[in-house]
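> Dropping a prediction and its sequence here:
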Amino acid sequence: MSQSLHGKVALVTGNSTGLGKAIGRCLGEAGAKVPVNFANNETRANQALQEYKDAGIATSLVRADVTSESEVDRMFSEIESQLGPVDIIVANATCEQPLKPIEEYDWEFYQRMIDFFIKSPYLLTRRALANMKDKRWGRIINITSEVYQRSVSPFSAYVAAKGGQVGWSRSMSQELAPHGITVNMVAPGWIPVERHESDPQEMKDEYLEMIPMGRWGTPEDIGQTVKFLASDEASFITGQTTCVNGGMSPW
C-alpha cells in the first residue's frame, strides 16, 4: 500500500479535536497505531477515541500536559506498554492564540508559547530518540504555521515561538539525519476548526478572499501532508517547511 505506516506507532499531541484529530486519523488509516492525547477535556477525548476505533485504528487514551517533562515521560511509558515504542511524533498541541498588541502581552504568556512550541517538541523528541536511533528510523513532524512566513501581527508571542520552533527543527534535522530520522515542519494556513467557531465572520471572509486557490483548507489537507512526510516515500526529505495554505505564503 502506498505510504503505508503499518506497524508504526504515531503520537500526535493534542489530537482529541481539530487538526490533530484529522492528522491522527490519516496516520491511522495508513496503518499506524495512534493514541489519543489530551490534557483537559476527557469527554471530547473519549469521543475521538471512539471515532478512531470505529475507523479500525489501534488506539489508547493518554492524558498528559506535553509541556511537563514528568508527564511526557509517563505518557511515553503508557504508550509503550499499550501500543509499542513511538516511531512518529507530530507536535500539534497548542494553547489559546489571542491576537494582541505587545503592550497587552505579559512575559508569562510569551513563556507559555515557548513551552508549547519549543519545550514540548524538545521533550517529546528526547524521550523517543533511543528507540528511533536503535531502529535507524524515525519521523518528527512539527505543526508550525504560516504566520512565521507571513509575519502576521499583532501576534508577536505566537509568531516568535513558531519562528523558534522552525529554527529548532532545522537544527535537529541536521543532527538526526545520520540516524535515519527526519525532522520536518507542516505550516497550515487558517483552517477553520472547532476553536475558530466564534471568530468574526468578517475576518474569515477577508482571509478567504486572499487565498489564491479560492477555497478554505481542510483538516484532511494537513493530515495527508503529514502522512506523506511520515512515510518511507519521504525518507530523503528533512529540515523542510511545507506550507499548506492554498498559496498564501510569500518567500
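Here it is on my side, so go on.

> contacts and neighbour counts: CA atoms only from here.
OK.

> Got the phi and psi for residue 33?
Dihedral angles of residue 33 (phi, psi; degrees, to the nearest 10) stand at phi -90, psi 130.

> Okay, and the beta partners of it?
Taking DSSP bridges, one finds residue 9 as the beta-bridge partners of residue 33.

> so where's the longest strand in this protein?
strand 181-188 (DSSP state E).

> okay, now residue 177: neighbour count?
19 (other C-alpha atoms under 10 Å).

> so it sits in a helix?
Yes - judged by DSSP: H, G, I helix; E, B strand; the rest coil, residue 177 forms part of a helix.

> Buried residues, the helix or strand of the chain with the lowest mean pLDDT. List them.
In the chain, no helix or strand scores lower on mean pLDDT, DSSP states H and E than helix 146-150, which sits at a mean of 84. For helix 146-150, the neighbour count (16 or more other C-alpha atoms under 10 Å) marks 146-149 as buried.

> Next, format the residues you listed as JSON lines and append distance to residue 239.
Shown next, in JSON lines, are these (distance: C-alpha to C-alpha, whole Å):
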{"residue": "146", "distance to residue 239": "16"}
{"residue": "147", "distance to residue 239": "18"}
{"residue": "148", "distance to residue 239": "16"}
{"residue": "149", "distance to residue 239": "15"}
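
> ok, of those residues, which one's closest to residue 246?
Using C-alpha to C-alpha, residue 146 comes nearest to residue 246 of these, at 11.0 Å.

> which residues of the stretch 1-150 of the chain score low on pLDDT?
1 (pLDDT under 70).

> ranges for the helices of it?
If DSSP state H, counting those that start in this stretch is used as the criterion, the helices of the stretch 1-150 of the chain fall at 18-29, 42-54, 69-82, 107-114, 120-135, 146-150.

> For the longest strand of the chain, report the contacting residues that lie outside it.
132-133, 136-146, 166, 169-170, 172-173, 176, 222, 225-226, 229, 235-245 (C-alpha atoms under 8 Å, 6 or more residues apart in numbering).

> In strands, which of those residues appear?
Within the contacts of strand 181-188, residues falling in strands by DSSP E are 138-143, 241-244.

> tell me the contacts of the nearest residue to residue 16 once chain neighbours are set aside?
Spatial nearest neighbour of residue 16, excluding adjacent residues (C-alpha to C-alpha, 6 or more residues apart in numbering): residue 45 at 4.7 Å. Contact analysis of residue 45 by C-alpha under 8 Å, 6+ apart lists 16-17, 36-38, 61.

> mind running it again at 7 Å?
16, 36, 38 (C-alpha atoms under 7 Å, 6 or more residues apart in numbering).

> any idea how far residue 63 is from it?
Look at residue 45 and residue 63: by C-alpha to C-alpha, to the nearest Å, they are 9 Å apart.

> got it, and residue 32?
Relative to residue 63, and taking C-alpha to C-alpha, residue 32 is found at 20 Å.

> which one of the two has more residues nearby?
Remark: of residue 32 and residue 63, residue 32 carries more neighbours, 25 against 19, as counted by other C-alpha under 10 Å.
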